[in-house]
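**Student:** Quick one, structure for this:
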Amino acid sequence: MNYVYYLTSFNDLKQKVKNNENDYYERDFYALIDEINAELPQITERVFNHPKYNFMPTKEVPESLLLNNLEILIEDIDTYVKKRRIQF
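**Tutor:** Okay, the predicted model is just below:
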């Protein structure tokens, strides 16, 4: 999968909740996080094995940008779920 797919899935879940509060299920958001986490080891390995990788996301190593974006997305999803918990 790719970043756009995961971002779209997250936005779709948020929109579903916005349209109907009763459609909020934490497990849906955590299932998305689990999907992303399943891909991270392979991406991380490819990034670390790239000769130009220097522990910072760069255009020279496109997978490093993907890895960084996915890690940020995981944090965003987790933050969203925690904020929803506080509200209810």
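
**Student:** Relative to the centre of this protein, find the outermost residue for me.
**Tutor:** In the chain, counting by CA atoms, centre = their mean, P51 sits farthest out from the average C-alpha position, at 25.5 Å.

**Student:** show me the contacts for it.
**Tutor:** Going by CB atoms under 8 Å, 6 or more residues apart in numbering, P51 touches no other residue. For every residue, glycine as well, the C-beta is placed using N, CA and C.

**Student:** Would you mind measuring from Y80 to Y24?
**Tutor:** From Y80 over to Y24 the distance is 10 Å, taken as CB to CB, to the nearest Å.

**Student:** Quick check: pLDDT value at the residue farthest from the centre of the chain.
**Tutor:** According to the prediction, P51 has pLDDT 92.

**Student:** Confirm that it sits in a strand.
**Tutor:** No - counting by DSSP: H, G, I helix; E, B strand; the rest coil, P51 falls outside a strand, being coil.

**Student:** distance of it from V4?
**Tutor:** Counting by CB to CB - P51 and V4 are separated by 27 Å.

**Student:** One more: N69?
**Tutor:** 10 Å.

**Student:** neighbour count winner among these two?
**Tutor:** N69 (16 against 9; other CB atoms under 10 Å).

**Student:** Per-residue pLDDT of that one, please?
**Tutor:** 96.

**Student:** which stretch of helix or strand covers it?
**Tutor:** helix 62-87 (DSSP states H and E).

**Student:** What residues sit buried inside that helix?
**Tutor:** Within helix 62-87, the residues that qualify as buried are 63-64, 66-67, 69-70, 73-74, 77, 81, counting by 16 or more other CB atoms under 10 Å.

**Student:** Just give the nearest non-adjacent residue to D23, would you?
**Tutor:** Nearest residue to D23 in three dimensions, chain neighbours excluded: K16, at 5.0 Å (CB to CB, 6 or more residues apart in numbering).

**Student:** wait, is the one you found part of a helix?
**Tutor:** Yes - assigned with three-state DSSP, K16 falls within a helix.

**Student:** Near it, how many other residues are there?
**Tutor:** Neighbour number of K16 under other CB under 10 Å is 13.

**Student:** how far away is it from R46?
**Tutor:** Applying CB to CB to K16 and R46 gives a distance of 33 Å.
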